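Peer 1: model the following, please.
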Amino acid sequence: MPSFKIDTSTAVVFVATAPEPKLINKKTGERAMDRENPAVGLSTVGLLVSDEGEGNLYQVTVPETGYPEGLAPGMPVKVTGLKARDWENEFNGQKKHGISFRAVAITPVA
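Peer 2: Residues are numbered from 1 along each chain as shown. Presented below is the predicted three-dimensional model:
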């Protein structure tokens, strides 16, 4: 499925939830790994994006090499390479769908 670039150049972005390892299987604790670099684990970071008077909370997947230690809620950040992709899967006979978000990097704003 195609992905779409999201322009955050005019947005104010804050960390809403600190990075947590993205898991493939919560029961086994198996971590999701980056397809482009299989040695790098993926994490999920909650971001509050405010632009043109509207604020939204997004759960963004980012490689663990794409953010610094100590990224914490409330920190203003810059998001590099943010993209959205729609998805659809079947779980236990029920179709589910949504939009996933992925970024190359998240860096604190000085």
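
Peer 1: so Asp39, which state does it fall into?
Peer 2: Residue 39: Ala, not Asp. Counting by DSSP: H, G, I helix; E, B strand; the rest coil, the backbone at Ala39 sits in coil.

Peer 1: neighbours of it, just the number please.
Peer 2: By the measure other CB atoms under 10 Å, the count of residues near Ala39 is 7. For every residue, glycine as well, the C-beta is placed using N, CA and C.

Peer 1: quick one, what contacts it?
Peer 2: By CB atoms under 8 Å, 6 or more residues apart in numbering, the contact set of Ala39 is Met33.

Peer 1: distance of it from His97?
Peer 2: Look at Ala39 and His97: by CB to CB, to the nearest Å, they are 31 Å apart.

Peer 1: what does Ala110 give?
Peer 2: 39 Å.

Peer 1: next: Asp51.
Peer 2: Distance of Asp51 to His97, given as CB to CB: 25 Å.

Peer 1: have a look at these two and say which one is more surrounded.
Peer 2: Looking at Asp51 and His97 with other CB under 10 Å, you find the greater number of neighbours at Asp51, namely 14 against 8.

Peer 1: pLDDT score for that one?
Peer 2: Looking at Asp51, its pLDDT reads 95.

Peer 1: state the distance from the residue nearest to it when sequence neighbours are not counted to Leu23.
Peer 2: Spatial nearest neighbour of Asp51, chain neighbours left out: Ala11 (3.8 Å); criterion: CB to CB, 6 or more residues apart in numbering. When distance is defined by CB to CB, Ala11 is 28 Å away from Leu23.

Peer 1: tell me which of the two has more neighbours.
Peer 2: Neighbour count, other CB under 10 Å: between Ala11 and Leu23, Ala11 has more, with 19 against 15.

Peer 1: for the more buried one, what are its contacts?
Peer 2: Applying CB under 8 Å, 6+ apart, we find Ala11 in contact with Val49, Ser50, Asp51.

Peer 1: how close does the second one sit to Lys83?
Peer 2: Summarising the geometry, the distance separating Ser50 from Lys83, computed by CB to CB, is 19 Å.

Peer 1: who has more neighbours out of the two?
Peer 2: Neighbours were counted for Ser50 and for Lys83 using other CB under 10 Å; Lys83 has more, 15 against 12.
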